[in-house]
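> any chance you could fold what I've pasted below:
(one chain, ligands or ions: 1)
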Amino acid sequence: MSYDPDNIFAKILGGEIPCHKVYEDDDTLVFMDIMPRIDGHVLVIPKTPCRNMLDASADQLAAVMATVQKVSQAMMAAYGADGITLQQFNEPAGGQEVYHLHFHILPRREGDKIRPPGQMADHADLAAEADKIRAALA
Ligand code: AMP
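Predicted coordinates:
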């Protein structure tokens, strides 16, 4: 299994495809998932190539997890969340569909329900959610 440099997240990193950016630092980028399972659903990726957790370096994993924690803490405040769900899939049998390492972060409220997969969000709604998380990070 090798890294495909034409995967959609590589194109987002290269600026070929737009995203609703929430946060970035030298090593990681965070943007809204276009098919959110819940309001505030974001993806955290390393800026350098790796297919998934299985081929990631320790440095890539450390950088991504530090950003996952930072954004999760901001989301707890932004959404008045009671908890956070992380999802991360590896290879087709593991449920992975885009082959650039990413962690899903979902802010959760007691008793809430995640939506079924595959429902495209309205861009204005995604922009509003990104604004909300960015404000909590500021
Ligand atoms: P998975 O590889 O199973 O973690 O799924 C890939 C995730 O990427 C899904 O939740 C998709 O909704 C999301 N996704 C796919 N294309 C884009 C895109 N262009 N911008 C943001 N999220 C995307």
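
> list the buried residues in stretch 8-28.
Buried residues in stretch 8-28, counting neighbours by 16 or more other CB atoms under 10 Å, are found at 8-10, 12-13, 19-20, 22-23, 27-28. All C-beta atoms are positioned from the backbone trio N, CA, C, and that covers glycine.

> quick check: beta-bridge partners of the residue most central in space within the chain?
Centroid-nearest residue in the chain: Leu43, 0.5 Å away (criterion: CA atoms, centre = their mean). Note on Leu43: beta-bridge partners by DSSP bridges are Phe31, His104.

> for it, list the residues it contacts.
For Leu43, the contacting residues are 9, 30-33, 102-105, by CB atoms under 8 Å, 6 or more residues apart in numbering.

> tell me which of those is nearest to Ser72?
Nearest to Ser72 out of the contacts of Leu43 is Ile105 (CB to CB; 5.6 Å).

> I figured that closest one hits Lys70, correct?
No. Taking contacts as CB atoms under 8 Å, Ile105 lies outside contact range of Lys70: 10.4 Å.

> can I get stretch 66-73 in CSV? Just the C-alpha atoms.
Backbone C-alpha positions of stretch 66-73 (Å, rounded to 0.1, in the frame of the first residue of the first chain) are rendered in CSV as follows:
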residue,chain,number,x,y,z
ALA,A,66,-1.5,17.5,19.6
THR,A,67,-3.8,19.3,17.2
VAL,A,68,-6.7,16.8,17.8
GLN,A,69,-6.5,17.6,21.5
LYS,A,70,-6.3,21.4,21.0
VAL,A,71,-9.3,21.4,18.6
SER,A,72,-11.2,19.0,20.8
GLN,A,73,-10.8,21.3,23.8
